[in-house]
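Participant: Need coordinates for the following:
(one chain, ligands or ions: 1)
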Amino acid sequence: MSIQAILTREKRKILVAVNPATMEKLGEVPLLSRPEIEAMVAEADRAFPGWAALPVSRRVERLRRAQDYIVDHLDEIAETISKDMGKPRFEAIVHDILTVANLIDYYSKKGPRILADEKIRMSMLFRPFKESTIVRQPYGVVVVISPWNYPFAIPVSGIVFALLAGNTVVFKPASEVAHVGMKIRDIFEKGAGLPPGVFHLVLASGSDIGDSLFKPPVRKVIFTGSTEVGKEIIKKCSEHIIPTVQELGGKDPMVVLPDADLELASNGAVWGAFTNCGQVCASIERCYVHESIYDEFVKRVAEKTKALTLGRWDDPATQVGPMVSPGQLQIVESQVKDAVKSGARVLAGGRNREDMGGYFYEPTVLVDVTHQMKVMNDETFGPVLPIMKFRTDEEAVQLANYGIYGLTASVWGKDRGRAWDMARQIEAGTVCVNDHAYTYGAVETPWQGFKQSGLGVSHSKWGLLEFVQPKHINRSGGLLGGRADREVTRPWFYPYDAQKLSIFRDLSRQFFDRRKSRISKIGLLPKALKLFRAPR
Ligand code: NAD
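Facilitator: Next comes the predicted model:
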């Protein structure tokens, strides 16, 4: 849905939504006030101890029920995603729903082990008498704030991880996709049957929520959206040292090496730039091609782009849908105009197609672009593919690393070693070789931004661990078991005296002398034990 207007009726703000492909009115959505949001956060805080106390296997059971509900309502969910933001049904199912089904299935099996307690193997200094364990403790109330472009896969990934780890959730979707937000609420309330208070949906516009989601009792914020809003949220959270995961904007490069398979690379460029109408954080927004294959590559990309069909979500022939809003469309138009004014040439597309009845813009290929143009610097978040030439691998790495972002990148070539070397030098959270951006759907792998593209990780075991605090518990153990607790002192306690000092000096010298054998070091144990003894 796109936002047509926000009205105020009896002191409540109401969002009027339209389908961006047809401008058909989708309905009115009442928005919450700040006190209502704060009441939800308080309720989530009250529900936390009960949910956290459940064994992880019981939480998995609830998530499995959510998975069943998604499978049973697949078409209905896909229709809502497509009507809210315009993407073809294929993309709603394959990119959004399949990712979530895979995620719940995979982490229902792997999650309990990732979240289990972990013993730390201690150094020889402490191993004989101490043991340390990490227990993974959920934070409490976790806020999930998500964008409109993958309105199902992005938020549900965060919500599932948060719940699995034992947190309660307050979820705020982008206003453009409020109906998808309501479907997600159905999945967790009706489908999973979560206990009251564990999950909350906040329908409110971002600018209205103030600090209500960024102060205690909120304990962690998972934000996906623009770098600009991410910075604002980091500032608000810093007031209370609330940690945040930030999945932010991108301006992702594609590098085409001279030995690339041109058919594969040109197909990849067209999909990587225009899927989801280019409204993808990891969209190919800068394409660098070796001079020896440039002409042929550009020719194929332009032909394939012209062959794409723009259209409605429910036509199976549609490859590219509309943009989500007039605001988004204007950004694209202005970047293309700015580039053309500065000397770029349009080889395909380049036209606003609102004559089709929605916010349509033709998939556009630009050449003769430079790093001085907006289209090579600012995030476009639309269907534009600018292409530049390079001569050497060093130059390609420099070009790819240009700018403030570092979300994903791709390198295309047949020589696996050469592509690997280049992948290692590119500053991005994910680099694919001979593919692009699809790894958001490979939920076992990490998704993360370098530079101003983000902080922290989504998906993968590292992403799941973002939802727990590693609490360290240390006690007597090791070879001596709990026996060290029978003593009334510790080697590092007072009093310091000449005898203790001399034992420690000798131990330090002998223990860390790399020329001494292991056996002679173990022989130091009786001396070390003396350090424990003290008169009761
Ligand atoms: P946005 O930053 O405008 O909004 C994201 C979310 O934040 C929405 O829910 C919005 O309502 C909310 N919001 C806006 N202002 C807020 C405020 N002051 N306080 C609290 N919440 C606020 O982004 P968008 O237009 O929805 O999405 C597009 C952006 O998201 C692009 O920059 C894209 O690159 C980025 N994105 C990043 C990833 C990633 O994984 N790195 C994935 C998808 C999208």
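Participant: Can you pull the residues of this structure lying near the ligand?
Facilitator: Within reach of the ligand by Cβ under 6 Å from any ligand atom, the chain has these residues: 145-149, 154, 172-175, 206-207, 209, 224-226, 229, 232-233, 247-250, 281, 379, 381, 407, 449, 454. Heads up, the C-betas are built off the backbone N, CA and C, glycines and all.
Participant: Can you say which of those residues are buried?
Facilitator: By neighbour count, with 16 or more other Cβ atoms under 10 Å, these hold 145-149, 154, 172-175, 209, 224-225, 229, 233, 247-250, 281, 379, 381, 407, 449, 454 as buried.
Participant: so where's the stretch 151-300 of the chain uncertain?
Facilitator: The stretch 151-300 of the chain contains no residues with pLDDT under 70.
Participant: how about the strands of it, start to end?
Facilitator: 168-172, 199-201, 218-224, 244-247, 252-256, 284-290 (DSSP state E, counting those that start in this stretch).
Participant: so what's the backbone phi/psi at the nearest residue to Ser157 once chain neighbours are set aside?
Facilitator: Counting by Cβ to Cβ, 6 or more residues apart in numbering, the nearest residue to Ser157 once its immediate chain neighbours are dropped is Leu103, at 5.7 Å. Backbone geometry at Leu103, expressed as degrees, to the nearest 10, gives phi -60, psi -50.
Participant: ok, Leu103 touching Val160?
Facilitator: Yes - the pair Leu103 and Val160 passes the contact test of Cβ atoms under 8 Å, sitting 6.0 Å apart.
Participant: need the strands of the stretch 151-300 of the chain in a markdown table with distance to Lys389, can you?
Facilitator: Converted to a markdown table, the strands of the stretch 151-300 of the chain look like this (distance: least, Cβ to Cβ, whole Å):
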| stretch | distance to Lys389 |
| --- | --- |
| strand 168-172 | 44 |
| strand 199-201 | 49 |
| strand 218-224 | 34 |
| strand 244-247 | 32 |
| strand 252-256 | 10 |
| strand 284-290 | 6 |
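Participant: and Val135, what does it touch?
Facilitator: 117, 470-471, 473 (Cβ atoms under 8 Å, 6 or more residues apart in numbering).
Participant: His179 too?
Facilitator: Counted by Cβ under 8 Å, 6+ apart, His179 has contacts 1, 17, 26-27, 29, 80, 83-84.
Participant: from those, which would you call buried?
Facilitator: Of those, these count as buried by 16+ other Cβ under 10 Å: 1, 17, 26, 29, 80, 83-84.
Participant: List the ones among those that fall in strands.
Facilitator: 17, 26, 29 (DSSP state E).
Participant: how much space is there between the first one and the ligand?
Facilitator: By that I understand Ala17. Computed as Cβ to the nearest ligand atom, to the nearest Å, the Ala17 to the ligand distance reads 14 Å.
Participant: I'd guessed that residue sits against Lys25; true?
Facilitator: Yes - counting by Cβ under 8 Å, Ala17 touches Lys25, with 7.3 Å between them.
Participant: Give me the pLDDT value at Pro535.
Facilitator: In this model, Pro535 is scored at 58, pLDDT.
Participant: ok, back up a step: so who does the residue nearest to Ser157 touch?
Facilitator: So Leu103 contacts 156-157, 160, 443, 459 (Cβ under 8 Å, 6+ apart).
Participant: Next: Lys83.
Facilitator: Per Cβ under 8 Å, 6+ apart, neighbours of Lys83: 1, 19, 26, 179, 313.
Participant: Quick one: which of those residues has the lowest pLDDT value?
Facilitator: Met1 (54).
Participant: how much space between the closest residue to Thr224 other than its chain neighbours and Gln452?
Facilitator: The spatial neighbour of Thr224 that comes closest, neighbours along the chain excluded (Cβ to Cβ, 6+ apart), is Glu247 at 4.1 Å. For Glu247, the distance to Gln452 equals 12 Å [Cβ to Cβ, to the nearest Å].
Participant: so where do the helices sit in the stretch 351-500 of the chain?
Facilitator: Using DSSP state H, counting those that start in this stretch, the helices of the stretch 351-500 of the chain run over 393-400, 416-425, 460-465, 498-511.
Participant: Nearest to Ile184 among the ones you listed would be which one?
Facilitator: Of all these, the one in closest proximity to Ile184, counting by Cβ to Cβ, is helix 460-465 (18.6 Å).
Participant: hey, C-alpha coordinates of that closest one in CSV?
Facilitator: Output in CSV follows, covering the C-alpha atoms of helix 460-465 (Å, rounded to 0.1, in the frame of the first residue of the first chain):
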residue,chain,number,x,y,z
SER,A,460,23.1,-16.9,10.9
LYS,A,461,24.1,-18.0,14.3
TRP,A,462,25.7,-14.6,14.9
GLY,A,463,22.4,-13.0,14.1
LEU,A,464,20.6,-15.2,16.6
LEU,A,465,23.2,-14.4,19.2
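Participant: Make residue 1 into 839 and carry on from there
Facilitator: Let's use 839 as the start, then, which means that last one is helix 1298-1303.
Participant: How much space separates the spatially most central residue of the chain from Gly1267?
Facilitator: Among the residues of the chain, Ser1296 comes closest to the average C-alpha position under Cα atoms, centre = their mean, at 3.9 Å. Ser1296 is 10 Å from Gly1267, where distance means Cβ to Cβ.
Participant: what residues are shared contacts of those two?
Facilitator: 1284-1286.
Participant: Which of those residues has the largest number of neighbours?
Facilitator: The most neighbours of any of the shared contacts of Ser1296 and Gly1267, using other Cβ atoms under 10 Å, belong to Trp1285, which has 26 neighbours.
Participant: what's the closest non-adjacent residue to that one?
Facilitator: Leaving aside its sequence neighbours, Trp1285 is closest to Ser1296 (4.4 Å, by Cβ to Cβ, 6+ apart).
Participant: Pull the contacting residues for the one you found.
Facilitator: Ser1296 neighbours (Cβ under 8 Å, 6+ apart): 995-996, 1060, 1062, 1083, 1085, 1284-1286, 1304.
Participant: Return, as residue ranges, the portions of the chain with sub-threshold pLDDT.
Facilitator: 839-843, 1372-1374.
Participant: burial count for the nearest residue to Phe1305 once chain neighbours are set aside?
Facilitator: Of all residues not flanking Phe1305 in the chain, Ala1003 sits nearest, at 3.8 Å (Cβ to Cβ, 6+ apart). Neighbour count for Ala1003, taken as other Cβ under 10 Å: 25.
Participant: mind listing what Ala1003 touches?
Facilitator: 953, 974, 976, 1302, 1305-1306.
Participant: again, 10 Å this time
Facilitator: 890, 894, 897, 945, 949, 952-953, 974-977, 980, 1302-1307 (Cβ atoms under 10 Å, 6 or more residues apart in numbering).
Participant: This completes my enquiry, with thanks.
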